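Participant: Pasting a predicted model and its sequence here:
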Amino acid sequence: MRIMAMRHQVTVLFGVVCLLGTFLSGADAAMGAVGAPKDVGNFANSVEIDELANFAVDQYKARLNSLADISFSKVVSAKEQVVQGTMYYLTIEVVEGGEPKLYDAKVWVKPWEGYKQLESFLPSASSHFNPAVDLSAESGV
């Protein structure tokens, strides 16, 4: 009798663990996968996001080794992903040669190390005829 009671307790405990696991995995799915890029709330009014976008444009110009006629206009969208630090995915509107153009930039930030690196700066899929600079080979990442 005692063995049957123990089996019943183990079965009930197993069922509770399974239900708890199902509930928790459903909560993760509703909130987005852990480590997945998430929208930055109120990015249009964020000084930090504007500074990162300006940094990306300045680094792009420096990598071109020119005084390219390109200037930051505004951030169109912003996402962030927790990695070893934070990876920011920014769609930036710039003015280049008097024309507005969109670029997608990736900026990796590790504030505790004072580290900030432009990982890529490429024409956005919705913008045509932009020159591209892929910095992934240069960044060493």
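Facilitator: That came through fine. Just so you know, these numbers come straight off a predicted model, no measurement behind them.

Participant: residue ranges with poor pLDDT in the protein?
Facilitator: Flagging of the chain using pLDDT under 70 yields the residue ranges 1-34, 126-141.

Participant: cutoff 50 now
Facilitator: In the prediction, the chain carries residues with pLDDT under 50 at positions 10, 12-32, 129-141.

Participant: For the chain, just list every one of the strands.
Facilitator: Across the chain, reading from the start of the chain, the strands by DSSP state E fall at 38-39, 70-83, 85-96, 99-110, 115-123.

Participant: Name the residues that touch the first one?
Facilitator: Yep, that's strand 38-39 we're talking about. 32, 77-81 (CB atoms under 8 Å, 6 or more residues apart in numbering). Glycine gets a C-beta too; all of them are placed from N, C-alpha and C.

Participant: follow-up on the earlier one: and of the strands of the chain, who's closest to Ser46?
Facilitator: The minimum distance between Ser46 and the strands of the chain falls on strand 70-83, with 7.6 Å, by CB to CB.

Participant: Name the residues of that closest one that come out as buried.
Facilitator: If you call a residue buried by 16 or more other CB atoms under 10 Å, then strand 70-83 has these buried ones: 70, 72-73, 75-76, 78-80.

Participant: Which residues are in contact with the residue lying closest to Tyr89 once chain neighbours are set aside?
Facilitator: Of all residues beyond its chain neighbours, the one nearest Tyr89 is Lys79 (4.2 Å), with distances taken as CB to CB, 6 or more residues apart in numbering. For Lys79, the residues meeting the contact criterion (CB under 8 Å, 6+ apart) are 37-40, 88-90.

Participant: Check those residues and tell me the two furthest apart.
Facilitator: Using CB to CB, the two most remote members of the contacts of Lys79 are Lys38 and Leu90, lying 13.6 Å apart.

Participant: between those two, which one's more packed in?
Facilitator: Higher neighbour count among Lys38 and Leu90: Leu90, with 24 against 14, using other CB atoms under 10 Å.

Participant: Wait, that one touches Leu102, no?
Facilitator: No. The pair Leu90 and Leu102 fails to qualify as a contact (CB atoms under 8 Å) at a distance of 10.5 Å.

Participant: Domain parsing of the chain, as residue ranges.
Facilitator: 1-34, 38-139 (automatic domain parsing).
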